[in-house]
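J.: Pasting a predicted model and its sequence here:
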Amino acid sequence: MSDIVQREAAALREQWLRLALSTLPADRPAAEAAISGLYRLLGLSPPRFHWVASPVAALATAPPGLRPSENIERVAEWPVPIRLRSLKSKLCGEIDATLRRTQLPMDQLIRREVQFPLLGSITRCLLPPLRQAHSWGFPLRGNWYELQYVSWIAHYDALRRVAGVAFTGEHLQQFELWAAIARSCHWWWPGEHVCVVSERPVALHTEGDEAVEPHHPDGPAVRYADGWSVHAWHGTQVPSWVIEDPTVRRIEEEANVEVRRCAIERIGWSSYIEQAGLRLVGAAPDPSNPGFELRLYDVRRDTRVLLAVNGSVERDGHRRRYGLTVPAHFSDPLAAAGWTYGLSGEQYSQLLRRT
């Protein structure tokens, strides 16, 4: 029985993932009807709707009708989001109480198969543009936005449709409103009289299957209709130059280690080494990865880089080359490789093949 539930839950997870990462235009009538339904559950009149092309446009504009206190940077403090959080918490708490009495193992299975993978994909693909629209220091956890994550909606949808958990009429009414919003639009900001709603991105490039992350080697990974965009390299958000115009000079001037790594990978390690004129300090067969070499290069006076080959095959069938920064006193590639694992060179030489 659990195998059947697991397969059906995985299929439902993929359905919700496609919806979460959709680049189709929003279904504005459906979104407005569902959001209005939540307002009515709070005893409020439906709001006036203000549609924007992207999250950054939502933060950059102040539509008529928003109160002075309704600064989108402080959306979690608005009255309506606070009341909606309470409404959603009550819904989930009552359903969870029933599950604890009847189907706790099934709940845990579906969280593992549905909620957690979706949460990871949302965190990697949809939060970077949102965080950039606010600011890098903006706290997205514990905020209004968590109510809009498709992960919790998919979890309860799977409990209902796959595990056969019965919802009361009241529970189903509210749940269907949250689900309808998730199916029909992007992020939204509910003021007392005006609700700001964003269109979806017009392009969203990802890689991976269950663990999805943003990646595009030739342009923005996420792009909205107003031109606002975010670049990413294998899941790491990077400045546009890393993808569109990486140069040795820019890499040398970049303070962020992860951004430098991505830019070097974008150029290719072989090309970077040649263009940067890095001096080879030493090379040795990698004992934990037969058929491949460890190569140690000078980078700066106090730094060297150990170039290695991944022990496992990437999604495209190739083995990725990667560089590890090590102290400049290393001249033996084996000793440098051991240091990255907290081992001596001799201990590293006795490791089994890496995977």
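T.: Done, it's in. Numbering: from 1, shown residues only.

J.: all contacts plus neighbour counts: C-alpha atoms, from now on.
T.: Will do.

J.: Now do the helices in the stretch 251-355 of the chain.
T.: Taking DSSP state H, counting those that start in this stretch, the helices of the stretch 251-355 of the chain run over residues 257-267, 269-276, 333-340, 345-349.

J.: List the buried residues of the shortest one.
T.: Along helix 345-349, these residues count as buried under the neighbour rule (16 or more other CA atoms under 10 Å): Gly345, Tyr348, Ser349.

J.: picking that back up, to Arg67, which of the helices of the stretch 251-355 of the chain lies closest?
T.: Nearest to Arg67, of all these, is helix 257-267, at 39.8 Å by CA to CA.

J.: residues in contact with the closest one?
T.: 217, 233, 236, 238-239, 242-243, 246-247, 251-252, 254, 272, 322-323 (CA atoms under 8 Å, 6 or more residues apart in numbering).

J.: Out of those residues, the closest to Ala166 would be?
T.: When those are compared against Ala166 (criterion: CA to CA), the nearest one is Thr236, at 40.7 Å.

J.: How about the contacts made by the closest one?
T.: Thr236 touches Pro214, His215, Glu258, Val259, Cys262, counting by CA under 8 Å, 6+ apart.

J.: Quick check: bridge partners of it?
T.: Beta-bridge partners recorded for Thr236 (DSSP bridges): Trp233.

J.: mind checking pLDDT for Gln350?
T.: Turning to Gln350, the model gives it a pLDDT of 78.

J.: got it, and the one 3 residues further on?
T.: Among the per-residue scores, Arg353 holds a pLDDT of 47.

J.: next one: Leu59
T.: At Leu59, the predicted lDDT confidence score is 83.

J.: my read: it touches Glu73, true?
T.: Yes: counting by CA atoms under 8 Å, Leu59 touches Glu73, with 7.1 Å between them.

J.: Overlap in contacts, the two.
T.: Counting by CA under 8 Å, 6+ apart, the shared contacts of Leu59 and Glu73 are His134.

J.: before we move on, the earlier item: now the buried members of the contacts of helix 257-267.
T.: Trp233, Thr236, Val238, Val242, Ile243, Pro246, Thr247, Ile251, Tyr272, Tyr322, Gly323.
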